[in-house]
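# I would like to see how this sequence folds:
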Amino acid sequence: MKPVCVLGNGQLGRMLRQAGEPLGIAVYPIGLNAEPESVPYQSSIITAEIERWPETDLTRELAHHSTFINRDIFPQLADRLPQKQLLDSLELATAPWKVLADPNQWPQLFNELGDFIIVKRRTGGYDGRGQWRIRPGDEAELPPEIYGECIVEQGIPFSGEVSLVGARNAQGKSVFYPLTHNLHQEGILRTSVALPNSHHQLQQQAEKMLSIIMEHLNYIGVMAMECFIVGNDLLINELAPRVHNSGHWTQNGASISQFELHLRAILDLPMPQPEILAPSVMVNLIGTEINPEWLSLPLVRLHWYDKEVRSMRKVGHLNLVHSDRDILRAALQTLSSLLPEEYQTGLKWAQDKLN
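Numbering: from 1, shown residues only. Got it, this is the predicted structure:
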């Protein structure tokens, strides 16, 4: 099988490499500043763990390479403006939005979008960075340099956040995981819960929406779609053209992980519908030192990224999977004593989701 070069050498590239090993697929996560001659890209399929990258010798070289899968889609989805325009053109539900070009727009924006507005940088913002929640009067505190660099969205009163992770191959076949329920705090994903065979109507709606997007783009590989639940319907919040944090539970809760599924899709290998084994919970480890005591719990599977621990930095995650929800809830309760205070809300939320 052809080797795979991954543009970016963070934790997603690392987990793609791990997923390739049992299949005999050589996966090379590549730093953005690598010298092109040191990278075996000429004989490889090329993918990426990130949507947006700076111009370097390597990225300039890859920008024109014919085996860079989804090469021309990344710029469109990495920028929130063309991403929103795409959703509108496909008549897919998303929060009402406008381009933020000038401070003089604010009276009209409040009039059209209401008194709660989310400002988002078009590019570069993630995990809550580059976003501001604005009510009348707050706009005066925004950095002046953001004008012309942002969009604004109507603040949506949603009842829940979910994501759908799916994959499409070159023949147009698509498969999907169950909707994942997500809890964000300060804009960063804290906890995810995936339940087999639940929310049939929302699952069908989400699969139809993501299918329309992937078909329109002729996308190949794994894509994630984050949504708000509003009443009985979904509003698309954001798209990620790559493996996604909210799909990490699939490493232990599905017969084929999202990382293996992505490799199968881009290499044109068989891509059956993954079997979902049991309810799953993923806990992001954020700015927390590794604790070997987590491993004393038989349900805990630790995925450590071997990164320097810094405040608000994702350094690993824990997966817990069990067919008996009571046993899974009990494991989360025990785990709570081994994690700091900032994890308690997310663990309680996950236990409630399992009810």
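
# could you point out the longest helix of the protein?
Longest helix of the chain, by residue count under DSSP state H: helix 200-217.

# now what about that helix, what contacts it?
Contact with helix 200-217 is made by 70, 73, 76, 86-87, 90, 92-93, 162, 164, 166, 168, 172, 174, 176, 178-179, 219, 223, 225, 227, 229, 232-234, 236, 239, as judged by CB atoms under 8 Å, 6 or more residues apart in numbering. All C-beta spots, glycine's among them, are computed from the backbone N, C-alpha and C.

# show me which of the residues you listed are buried.
Neighbour-count burial (16 or more other CB atoms under 10 Å) is assigned, among those, to 70, 73, 76, 86-87, 92, 162, 164, 166, 168, 174, 176, 178-179, 219, 223, 225, 227, 229, 234, 236, 239.

# spatially central residue in this protein, please.
Centroid-nearest residue in the chain, with CA atoms, centre = their mean: residue 244, separated by 3.2 Å.

# in helices, which of the buried ones among the contacts of helix 200-217 appear?
Per DSSP H, those map to helices at 76, 86, 87.

# return the item of those having minimum pLDDT.
The lowest pLDDT within those belongs to residue 76, with 95.

# residue contacts, that residue?
Taking CB under 8 Å, 6+ apart as the contact definition, residue 76 lies against 82, 83, 86, 217.

# picking up where we left off before, can you put the ones in helices among the buried ones among the contacts of helix 200-217 in JSON lines and add distance to residue 328?
Output for these, formatted as JSON lines (distance: CB to CB, whole Å):
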{"residue": "76", "distance to residue 328": "39"}
{"residue": "86", "distance to residue 328": "38"}
{"residue": "87", "distance to residue 328": "35"}
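
# between the residues you listed, which is closest to residue 135?
Proximity of these to residue 135 (CB to CB) peaks at residue 87, which lies at 25.3 Å.

# can you list the weak-confidence ranges in the protein?
Along the chain, segments meeting pLDDT under 70 span 127.

# closest one of the contacts of residue 76 to residue 26?
Distances from residue 26 to these, taken as CB to CB, are shortest for residue 217 (27.6 Å).

# burial count for the closest one?
Other residues lying near residue 217 total 19 when counted by other CB atoms under 10 Å.

# and the gap between it and residue 258?
Residue 217 sits 18 Å away from residue 258, going by CB to CB, to the nearest Å.
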